[in-house]
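Participant: let's see this in three dimensions:
(one chain, ligands or ions: 1)
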Amino acid sequence: MSTPLAEQHPLNDSLEDLVGLFDVRRSSAPMSEADRGLALAAPKFGTVFTDHMARATWTADTGWYDRRIEAYGPLQLDPATAVLHYAQEIFEGLKAYKHDDGSVWTFRPEANAARFSRSAARLALPQLSVDDFVASLAALVREDRAWVPSGDEASLYLRPFMFASEKFLGVRASLEAEYLVIASPVGAYFANGVSPVSIWVEREYSRAAAGGTGAAKCGGNYAASLLPQVEAQKLGCDQVCFLDGTGTFLEELGGMNVFVVKADGSLETPELSGSILEGVTRSSIIRLAQDRGRTVTERQIPIDELLAEIADGTVVEMFACGTAAVMTPIGRLAGSSFDETIADGGPGELTMSLRAELTGIQTGAVEDRHGWMRRLA
Ligand code: COI
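Facilitator: Residues are numbered from 1 along each chain as shown. Below is the predicted model:
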């Protein structure tokens, strides 16, 4: 018999000590229980925030200091703050889930911490240790645990971010930085839940190029995806899929990685080319599919080959994946010279079954056989 979920990976002593390094300066005006209940009822993604935020400050001379939990609220920034001019900023996204026994868990935070560290290196921002990263999540969630929602698709979305805070207009790496974590109770990412989305395959604009910042989770990559997204919506599509700089190979959706399922049961996903984000959900799906004996190939996928294989029935499902939406079926691919429906356009069977397994692990309903879950509170 497997170990009861609540007994796996309890907070260890060292994390307890690290959480203790965050000085708690409690909000003097937390939301009332009644208002919080209303806010938690049907939160629209990323619109409602909890009472507190985690924060730490860095200078090149002192390193990280003043780790704290403080009241959520506006930041006061000098108009010359470097991030406002040169976009020296990175972020992460994770979720905290309330399990049936009331404990609160998160999914593979060390993987997000490692990616945060790679993003920091690429954006010439300071390194934050994995310990500080995970402890900041635990410290915030403990303070705001009443904000962790329960129910289908519900979680507390955690948004760690770091930005260049030095007041300086010269173009060089900032000598000061701020790290914060804010938290937002969320339901399904897309307004229409987990139904198939239509994708515009973008040939005019690329998201990232070889040697650029595509593999880093930095705000600038997302800014570059907004105009194509607006244009795709005008053309009747929900999301955009970007190709590589040569317009030949599939890359990612800007906020999500992409997978193809073949009629023989195998899966394919664009290889990590250096311009694609290394998704935590992406790597977890590869593992879960392999556990089921499926072949998963990471390779360059030519868009022309994909379109031909959708048309002749070799491709039977496609889906996008990321922390926010978990896994979203793709029903249709459109572009300037094609419009292809994938199979019958409905959610694919494997897509939905892998999704159920992954969300089951996260919510505590399915055994966590890979030891991915970490208890925060
Ligand atoms: C994610 O799902 O991990 C994302 O990056 C989407 C987020 C930017 C809203």
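Participant: going forward, measure contacts between C-alpha atoms and count neighbours the same way
Facilitator: Fine.
Participant: any stretches of the stretch 251-377 of the chain with poor pLDDT?
Facilitator: Scanning the stretch 251-377 of the chain for pLDDT under 70 picks out no residues.
Participant: show me what from it comes close to the ligand.
Facilitator: 255-256, 322-325 (CA under 6 Å from any ligand atom).
Participant: strands - which of those land there?
Facilitator: Judged by DSSP state E, those include residue 322 as members of strands.
Participant: please report which of the residues of the stretch 251-377 of the chain next to the ligand has the highest neighbour count.
Facilitator: Sorting those by how many neighbours each has (other CA atoms under 10 Å) puts residue 256 first, at 26 neighbours.
Participant: surely that residue touches residue 321?
Facilitator: Yes - between residue 256 and residue 321 there is a contact at 5.2 Å, judged by CA atoms under 8 Å.
Participant: confirm that residue 287 sits in a strand.
Facilitator: No - secondary structure of residue 287 (DSSP: H, G, I helix; E, B strand; the rest coil): helix, not part of a strand.
Participant: can you name the residue of the stretch 51-200 of the chain nearest to the ligand?
Facilitator: residue 93 (5.5 Å; CA to the nearest ligand atom).
Participant: so how far is residue 332 from the closest residue to residue 331 other than its chain neighbours?
Facilitator: Distance criterion CA to CA, 6 or more residues apart in numbering; nearest residue to residue 331, sequence neighbours excluded, is residue 345 at 4.2 Å. Distance of residue 345 to residue 332, computed by CA to CA, to the nearest Å: 6 Å.
Participant: out of these two, which sits in the busier spot?
Facilitator: More crowded of residue 345 and residue 332, by other CA under 10 Å: residue 332, with 22 against 19.
Participant: what sits against that one?
Facilitator: Residue 332 makes contact with 197-199, 339-342, 345, according to CA atoms under 8 Å, 6 or more residues apart in numbering.
Participant: pick out whichever of those residues sits closest to residue 60.
Facilitator: residue 199 (43.7 Å; CA to CA).
Participant: which SS class is that closest one?
Facilitator: Recorded secondary structure, residue 199: strand (three-state DSSP).
Participant: ok, residue 58 next?
Facilitator: strand.
Participant: which residue sits closest to it, ignoring its sequence neighbours?
Facilitator: Spatial nearest neighbour of residue 58, chain neighbours left out: residue 64 (4.3 Å); criterion: CA to CA, 6+ apart.
Participant: residue 140 versus that neighbour, what's the distance?
Facilitator: 18 Å.
Participant: more crowded one of these two?
Facilitator: Using other CA under 10 Å, the more surrounded residue of residue 64 and residue 140 is residue 140, with 28 against 20.
Participant: show me the contacts for the more buried one.
Facilitator: 52-54, 69, 181.
Participant: from those residues, pick the one nearest residue 302.
Facilitator: Taking CA to CA as the measure, residue 181 is the one of the contacts of residue 140 closest to residue 302, at 38.3 Å.
Participant: the strand or helix carrying that closest one packs against which elements?
Facilitator: Per DSSP states H and E, residue 181 falls inside strand 176-186. Judged by 3 or more CA pairs under 8 Å, 6 or more residues apart in numbering; DSSP states H and E, strand 176-186 is in contact with strand 52-59, helix 130-143, strand 155-164.
Participant: mean neighbour count, those: which tops it?
Facilitator: Mean neighbour count (mean count of other CA atoms under 10 Å) peaks for strand 155-164 among these, with a mean of 24.
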